[in-house]
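Enquirer: The following comprises the amino acid sequence and a computationally predicted model.
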Amino acid sequence: MRLQIDHLFDHPEHIRLVAGWIYAEFWRDQPGYSIETFELLLRQANGPGRIPLSLIALVDGEPVGTVNLIHSDSKSRPRLEPWLAALVVVPEHRGRGIGRALCRALVAEARLLGASELFLGTDIPAFYASLGAELYEQVTATDCIMRFRLAPAVPGS
């Protein structure tokens, strides 16, 4: 298995597919959203070194996962930014470390952009805790906000 993580804008032929993953995984039951909604948002991640930013995981050239860096994912908490959002690994590739690799790559991107913290909402906090995130706020019995504290990027590394 050869895992490659790239910016999605370097693989525009996969934008609609990734939009479909995000819609199906998180938004299918939410009125007012469609695959086209997420396709338009993903097309805004069209250059390096800025937010929004979208990464894609490819295994032997086949798209298998994605993760995104956005300004905010909580209308009620606008001061919390940036956010790791929409981590998706296709079911047949789960459990192989792809989600972890995507998260690590996104954390590195956030650090390069100068972020000192990175937030995310989840119902699987143990996964993110294993990557170094800490509980920031318990929102409901099953959902929480977590935070990565980011050390500044070291020039030349």
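Expert: The structure has been received and is ready for your questions.

Enquirer: So which bits of the biggest strand by length in the chain are buried?
Expert: Secondary structure of the chain per DSSP state E: the longest strand is strand 62-70. Neighbour-count burial for strand 62-70, with 16 or more other CB atoms under 10 Å as criterion, is recorded at 63, 64, 65, 66, 67, 68, 69, 70. (Glycine included, C-beta is placed from N, CA and C.)

Enquirer: hmm, who's touching it?
Expert: 8, 11, 14, 17-18, 21-22, 42, 45, 51-58, 82-90, 93, 98-99, 102-103, 105-106, 109-110, 113, 118 (CB atoms under 8 Å, 6 or more residues apart in numbering).

Enquirer: and residue 146, which of the three is it?
Expert: Classification of residue 146 using DSSP: H, G, I helix; E, B strand; the rest coil returns strand.

Enquirer: For it, give me the pLDDT.
Expert: Looking at residue 146, its pLDDT is 97.

Enquirer: Show me what the lengthiest helix in the chain is packed against.
Expert: With secondary structure taken from DSSP state H, the chain has its longest helix at helix 98-112. Of the remaining helices and strands, those touching helix 98-112 by 3 or more CB pairs under 8 Å, 6 or more residues apart in numbering; DSSP states H and E are strand 3-7, strand 53-59, strand 62-70, strand 83-89, strand 117-122.

Enquirer: Cheers, nothing more for now.
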